[in-house]
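A.B. asks: Generate coordinates for the sequence data below:
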Amino acid sequence: MPHGKAPKRRLKNSSGIPTLHKLLFLLGIAAVCLSFAIRWRNRQVLDFTLRAPLAISTFKSGAVPVRIDIRRLNISLPVSGTDIVGGRWEIAEGGASHLIKSASPGDGGNVVIYAHNTRDRFGSLPKAASGDLVTVSTGDGNRHFYRIISSRIVSPDDISVVLPASTERLTLYTCTGFADSKRFVVKAEPVSPASINGGLN
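C.D. replies: This is a model prediction of the structure:
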């Protein structure tokens, strides 16, 4: 046998699992964790921080919102009633949410409707401008019209925007800011159909 260096042997992974398989396994675990984190965040992201139970609107006509349309923003969504359970704000599976503790259109109070800031929901809400028309359809077949008068960004502990009011207004909000840590809030006031230029613009 000729003299010389002995051939090198390939070192086996001590665990018996190739490094690539380990990496893929870790990536899979990370993906699962990220999925759970996103689902948890989506459940929390539209909350307002309440230090006491939110008062229920004293006027309830029963004419609950079933649809919201903001033509200029290309928003046209079904609306479902949602509540605050255990301090957490429920979010409709699809479309927008109407806080059932708030007023209904025509009640003369604060009507609160909210949705995620995804493209298929309230993603375009931050583009709202004063004068934009909002149409809220109710389960009794009526339509209620509002004009946007203002918008602002607030922190989740500024609950003044969702509290009951003595006069009718529509409050729309979605999440915004870094890691969706803020709330983008739009305020609108009711208008009569006769005051709408061209009928329904």
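A.B. asks: Do you have the helices of this structure handy? List them.
C.D. replies: 19-44 (DSSP state H).
A.B. asks: Show me the shaky parts of it.
C.D. replies: Filtered on pLDDT under 70, the chain yields the residue ranges 1-18, 32-62, 197-201.
A.B. asks: Spatially central residue for this protein, please.
C.D. replies: Ranked by distance to the mean C-alpha position of the chain (Cα atoms, centre = their mean), the top residue is residue 116 at 2.3 Å.
A.B. asks: I figured that one hits residue 125, correct?
C.D. replies: No: taking Cβ atoms under 8 Å as the definition, residue 116 is not a contact partner of residue 125, at 10.3 Å. Bear in mind the C-beta positions are built from the backbone N, C-alpha and C, glycine included.
A.B. asks: Overlap of the contact sets of the two?
C.D. replies: Shared contacts of residue 116 and residue 125 (Cβ atoms under 8 Å, 6 or more residues apart in numbering): residue 174.
A.B. asks: Contact partners for the closest residue to residue 171 other than its chain neighbours?
C.D. replies: The shortest distance from residue 171 to any non-neighbouring residue, by Cβ to Cβ, 6 or more residues apart in numbering, is to residue 112 (4.9 Å). With contact set as Cβ under 8 Å, 6+ apart, residue 112 has these partners: 98-99, 102, 162, 171, 173.
A.B. asks: Next: residue 93.
C.D. replies: By Cβ under 8 Å, 6+ apart, the contact list for residue 93 reads residue 80.
A.B. asks: same check, this time on residue 92
C.D. replies: Applying Cβ under 8 Å, 6+ apart to residue 92 gives the contacts 78-80, 82, 115.
A.B. asks: 10 Å - rerun?
C.D. replies: Shown in contact with residue 92 (Cβ atoms under 10 Å, 6 or more residues apart in numbering): 77-82, 98, 114-116, 121.
A.B. asks: quick one: it from residue 139, how far?
C.D. replies: Taking Cβ to Cβ, to the nearest Å as the measure, residue 92 falls 15 Å from residue 139.
A.B. asks: I'd say the residue nearest to the centre of the chain and residue 176 touch.
C.D. replies: No: when contacts are counted by Cβ atoms under 10 Å, residue 116 is not listed as touching residue 176 (11.1 Å).
A.B. asks: Does residue 77 have any beta-bridge partners, and if so which?
C.D. replies: residue 68 (DSSP bridges).
A.B. asks: circling back: for the contacts of residue 112, give me JSON lines that also has distance to residue 148.
C.D. replies: Listed next are the contacts of residue 112 as JSON lines, based on distance: Cβ to Cβ, whole Å:
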{"residue": "98", "distance to residue 148": "18"}
{"residue": "99", "distance to residue 148": "19"}
{"residue": "102", "distance to residue 148": "18"}
{"residue": "162", "distance to residue 148": "17"}
{"residue": "171", "distance to residue 148": "11"}
{"residue": "173", "distance to residue 148": "13"}
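A.B. asks: Need those in JSON lines (columns: neighbour count and distance to residue 73).
C.D. replies: Output for those, formatted as JSON lines (neighbours: other Cβ atoms under 10 Å; distance: Cβ to Cβ, whole Å):
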{"residue": "98", "neighbour count": "25", "distance to residue 73": "18"}
{"residue": "99", "neighbour count": "22", "distance to residue 73": "21"}
{"residue": "102", "neighbour count": "24", "distance to residue 73": "21"}
{"residue": "162", "neighbour count": "23", "distance to residue 73": "21"}
{"residue": "171", "neighbour count": "20", "distance to residue 73": "16"}
{"residue": "173", "neighbour count": "25", "distance to residue 73": "14"}
